[in-house]
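Trainee: here is a sequence with its predicted model. Questions after.
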Protein chains: 2
Amino acid sequence: MPLFTDLARSLPATVPFVGPEALERRMGVKFRARLGANESVFGPSPQVVEAMALAAGDSWAYGDPEQYELKQAIAAHHGIGMENVAVGEGIDGLLGHLVHLATDPGDTVVTSFGAYPTFNYHVAGHGARLDFVPYRGDDHEDPEALIERARALRPKLVYFANPDNPTGSWHDAATVERLIDAIPEETILVLDEAYADLAPEGSLPKIALMRPNLLRFRTFSKAYGMAGVRVAYVVGEPASVTQFDKVRNHFGVSRIAQAGALAALADQAYLAEAIKKIARAREELSAIARRAGLTPLASATNFVAIDCGGDGTYARTLLSAILQRGVFIRMPGVAPLDRMIRVSVGRPEDLALFEDALIGAIDEVGRPER
Amino acid sequence: MPLFTDLARSLPATVPFVGPEALERRMGVKFRARLGANESVFGPSPQVVEAMALAAGDSWAYGDPEQYELKQAIAAHHGIGMENVAVGEGIDGLLGHLVHLATDPGDTVVTSFGAYPTFNYHVAGHGARLDFVPYRGDDHEDPEALIERARALRPKLVYFANPDNPTGSWHDAATVERLIDAIPEETILVLDEAYADLAPEGSLPKIALMRPNLLRFRTFSKAYGMAGVRVAYVVGEPASVTQFDKVRNHFGVSRIAQAGALAALADQAYLAEAIKKIARAREELSAIARRAGLTPLASATNFVAIDCGGDGTYARTLLSAILQRGVFIRMPGVAPLDRMIRVSVGRPEDLALFEDALIGAIDEVGRPER
């Protein structure tokens, strides 16, 4: 008799994302710029850092398992009720809990081919079956195709990110609302809005738009610059949101994380400034791509996907040469998105390092064959 | 068609532990002493606080998902290999992953009646079936009964804590080794050693003692004083330890937590001092109980279980009167252990507050009927 379940034994021990630290160890390089994980090198507000440093001294005590003050502040920020909010250890942690709560082994889940791998990892980890629709030809997720597939398969979950990772693309609010309305009512729409704070006006449905089968995921990891802290939340109707209480790690959101997120919400001026810096850096990054003869995609996030003009093999070769030059970036894993590299925004000095590495890499590996 | 699984809908949305913050909100009191959650009010090393405050400034970046340096340091600390170590968001988080990996719905899991509720919560959350053996008459977990039940039921998991929570009792290493050897080889022994750093000499099997079906859980929450930080680890054979990589939240151990745990391991002098303080406070706490005419149990942890001499109803009444006096403590949930209250150690001023509250509470509610 085996010690672990058939499902556990069938899963690979690979991780959805290899960290830059692991790449440094394996490649024997030291990254001078860290632009691969869609972190915000502009960092969190100084008030967040101060609040977390202060909370470090109180960390002998467990954090509030109800995250009462934080939920209250999130609710006030959005003008919704506390009962509409569940807090977790990053969107990744919340997605794991949702898959646990909503799927039995063999159930079907629909996403876009090439969309967020960690969602797929959790689906696989619970033995549910992934079904994919392709991205549209314009490198956007395809809401119409998702609706059609959802109506055909009646899946437990449909994943949709707006703005999208890894392409940076976005849809307008009316399109997202059409998706929300058209999804079968026995299917939960997993609306990943990690990049919501960076989304152009008119691209987000009102946060007050709620449905029993709609869960919206927001995070402090991106625009708020707190990726390493691990705090995110899900917004939805109370009957759905309360499900998370049944399986979550109750003390999992650390005392420091709760203090940091509270301070982050309180400093909206810093957030506004960070959003401007990110937008400027996105323009500069796009200009760098164009100067190198590559095609940047329009982005509503803190990264730019750059079409390298060849196939996946070419982009992987170019990526490798850029990594070797001490600049950490990533790329989408599957075709046709894997003709791109994906570069997070950075300070001018980070982007200069990237430009040098990109030019040097193109010199080394050449242009793609046409 | 329901949105969530039959299992999810069958689960209560209650939490294994209500936090002191929630009690304060519900009762309208402000606790002056926080002695209910087996935290270490002596806190972490100042070097840990400093390392975490420093890491707060770097928290725009995800922590290393491989936790390489921390695993290396843990391995060096114990003289084992990195491949023997998995790190997670507290023992609670690791227990959740283990239940996910090792049980299918309907599988059997054995524990002691009244042992750690969060383990039971995860078992229920994955649809496995809990089977209990009683504590021994001397308020120790009963290894012989666990062996007998495991041989009869061939469960997926057997839970055993040494030292034990909520009683504070412990077994010697030879007894634990007998349990390890006698457990069926298709059953994983979940050896919860959260209080290992506080265990008397001779009560822990050598850490190098490994079996494919043995997983040992250690934490920075107790003697290291870092409960609010959320970092713990599991030690075992590589084939078992590596399973955690298949379902864990890869970026879930925050950058600050990794930095803090590294600093904690590096300051063993502080740990030794904290252990001495805890031992002294445990003696004082026991003396307080005796002065009040109650019976403290011997403890190898950072808390003392105090037999109030009556039944569960009496202890609950006494507990409530103590809480009303602004001192947060807890008690075991089920008989016969629920004749006790459980008080974490504290500084002299915390213990003085407890003594006042205890005396006042006994004055108010009286002595139990005999």
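Mentor: Noted; the coordinates are in hand.
Trainee: and the strands in chain A, which stretches?
Mentor: Using DSSP state E, the strands of chain A run over residues A:33-34, A:85-88, A:108-112, A:129-133, A:157-161, A:188-192, A:214-219, A:232-235, A:295-296, A:303-307, A:327-328, A:340-344.
Trainee: among those strands, which is nearest chain B?
Mentor: Nearest of the strands of chain A to chain B, taken as CB to the nearest CB: strand A:188-192 at 5.6 Å. In this view, the C-beta of every residue, glycine as well, is placed from N, C-alpha and C.
Trainee: need the contact partners of the closest one.
Mentor: With contact meaning CB atoms under 8 Å, 6 or more residues apart in numbering or on different chains, strand A:188-192 is reached by A:91, A:95, A:98, A:102, A:116, A:119, A:156-162, A:165, A:176, A:179-180, A:183, A:211, A:213-217, A:240, B:3.
Trainee: model confidence over it, on average?
Mentor: Mean pLDDT, computed over strand A:188-192, is 98.
Trainee: about what we covered before: could you give me the PyMOL syntax to select whichever of the contacts of strand A:188-192 are buried?
Mentor: To isolate the buried subset of these in PyMOL, counting by 16 or more other CB atoms under 10 Å in any protein chain shown, use the following:
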select buried, (chain A and resi 91+95+98+102+116+119+156+157+158+159+160+161+162+165+176+179+180+183+213+214+215+216+217+240) or (chain B and resi 3)
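Trainee: low-confidence regions, the stretch 1-150 of chain A specifically.
Mentor: Nowhere does the stretch 1-150 of chain A drop to pLDDT under 70.
Trainee: tell me, how many residues neighbour the spatially closest residue to A:G81 that is not a sequence neighbour?
Mentor: In space, and not counting its chain neighbours, A:G81 is closest to A:A75: 5.7 Å by CB to CB, 6 or more residues apart in numbering or on different chains. Neighbour count of A:A75, defined by other CB atoms under 10 Å in any protein chain shown: 17.
Trainee: same check, this time on A:G260
Mentor: Neighbours of A:G260 under the rule other CB under 10 Å: 32.
Trainee: now do the contacts for the residue nearest to it when sequence neighbours are not counted.
Mentor: Leaving aside its chain neighbours, A:G260 sits nearest to A:M52 (4.4 Å; criterion: CB to CB, 6+ apart). Counting by CB under 8 Å, 6+ apart, A:M52 touches A:V229, A:I256, A:A259, A:G260, A:A263, B:M52, B:A53, B:A56, B:S59, B:I256.
Trainee: dump those to a markdown table, plus distance to B:F328.
Mentor: Formatted as a markdown table, the contacts of A:M52 follow (distance: CB to CB, whole Å):
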| residue | distance to B:F328 |
| --- | --- |
| A:V229 | 27 |
| A:I256 | 21 |
| A:A259 | 20 |
| A:G260 | 25 |
| A:A263 | 26 |
| B:M52 | 24 |
| B:A53 | 27 |
| B:A56 | 27 |
| B:S59 | 30 |
| B:I256 | 26 |
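Trainee: widest-spaced pair of those residues?
Mentor: Pairwise distances among these were taken by CB to CB; the largest, 15.4 Å, belongs to A:A263 and B:M52.
Trainee: enumerate every residue touching A:Q258.
Mentor: A:Q258 touches A:A55, A:G63, A:D64, A:Q67, A:E69, A:L70, A:V87, A:V231, counting by CB under 8 Å, 6+ apart.
Trainee: before we move on, back to that, go through the contacts of A:M52 and name the one nearest B:E201.
Mentor: Of the contacts of A:M52, the one sitting nearest to B:E201 (CB to CB) turns out to be B:M52, at 31.0 Å.
Trainee: so chain A: which segments form each domain?
Mentor: A:6-43+A:272-365, A:46-268 (automatic domain parsing).
Trainee: out of those, nearest to B:H250?
Mentor: Proximity to B:H250 (CB to CB) singles out domain A:6-43+A:272-365 among these, at 5.1 Å.
Trainee: ends of the closest one, how far apart?
Mentor: By CA to CA, to the nearest Å, the extent of domain A:6-43+A:272-365 from end to end equals 44 Å.
Trainee: that one vs chain B: in contact?
Mentor: Yes: interface with chain B: domain A:6-43+A:272-365 contributes A:6-8, A:11-19, A:21-22, A:25, A:34, A:37, A:39-43 (CB under 8 Å from any CB of the partner chain).
Trainee: among the residues you listed, which are in helices?
Mentor: Among the residues of domain A:6-43+A:272-365 next to chain B, the members found in helices (DSSP state H) are A:D6, A:L7, A:A8, A:E21, A:A22, A:R25.
Trainee: so for A:E141, which of the strands of chain A sits nearest?
Mentor: Using CB to CB, the nearest of these to A:E141 is strand A:108-112, at 4.8 Å.
Trainee: packing partners of the closest one?
Mentor: Using 3 or more CB pairs under 8 Å, 6 or more residues apart in numbering or on different chains; DSSP states H and E as the contact test, the elements touching strand A:108-112 are helix A:117-125, strand A:129-133, helix A:143-153, strand A:157-161.
Trainee: please identify the most buried of the ones you listed.
Mentor: strand A:157-161 (a mean of 25; mean count of other CB atoms under 10 Å in any protein chain shown).
Trainee: strands paired with it, and their directions?
Mentor: strand A:108-112 (parallel), strand A:188-192 (parallel) (DSSP bridges).
Trainee: any of the contacts of A:Q258 buried? List them.
Mentor: A:A55, A:G63, A:D64, A:Q67, A:L70, A:V87, A:V231.
Trainee: so which of those residues also contact chain B?
Mentor: Checking these against chain B (CB under 8 Å from any CB), the matches are A:A55, A:G63, A:D64.
Trainee: just give the nearest non-adjacent residue to the first one, would you?
Mentor: Beyond its immediate neighbours in the sequence, the residue positioned closest to A:A55 (CB to CB, 6+ apart) is A:A259, lying 3.7 Å away.
Trainee: distance check, the one you found against A:E69.
Mentor: The spacing between A:A259 and A:E69, counted by CB to CB, to the nearest Å, is 9 Å.
Trainee: same question for A:H122.
Mentor: Counting by CB to CB, the gap from A:H122 to A:E69 is 28 Å.
Trainee: pick the most buried one from the strands of chain A.
Mentor: Of the strands of chain A, strand A:340-344 is the most buried (mean count of other CB under 10 Å), at a mean of 27.
Trainee: got the CA coordinates for that strand in PDB?
Mentor: What follows is strand A:340-344, C-alpha atoms only, in PDB (Å, rounded to 0.1, in the frame of the first residue of the first chain):
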ATOM      1  CA  MET A 340       7.400  36.600 -26.700                       C
ATOM      2  CA  ILE A 341       9.600  37.400 -23.800                       C
ATOM      3  CA  ARG A 342       8.000  39.100 -20.800                       C
ATOM      4  CA  VAL A 343       9.800  41.900 -19.000                       C
ATOM      5  CA  SER A 344       8.600  43.600 -15.800                       C
END
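Trainee: remind me what it packs against, helices and strands.
Mentor: The helices and strands touching strand A:340-344, judged by 3+ CB pairs under 8 Å, 6+ apart, are strand A:303-307, helix A:312-324.
Trainee: list just the nearest of the contacts of A:M52 to B:A223.
Mentor: Of these, the one sitting nearest to B:A223 (CB to CB) turns out to be B:M52, at 17.4 Å.
Trainee: the residue nearest to A:A55 contacts A:A53, correct?
Mentor: No: contact criterion CB atoms under 8 Å: A:A259 and A:A53 do not qualify, at 9.4 Å.
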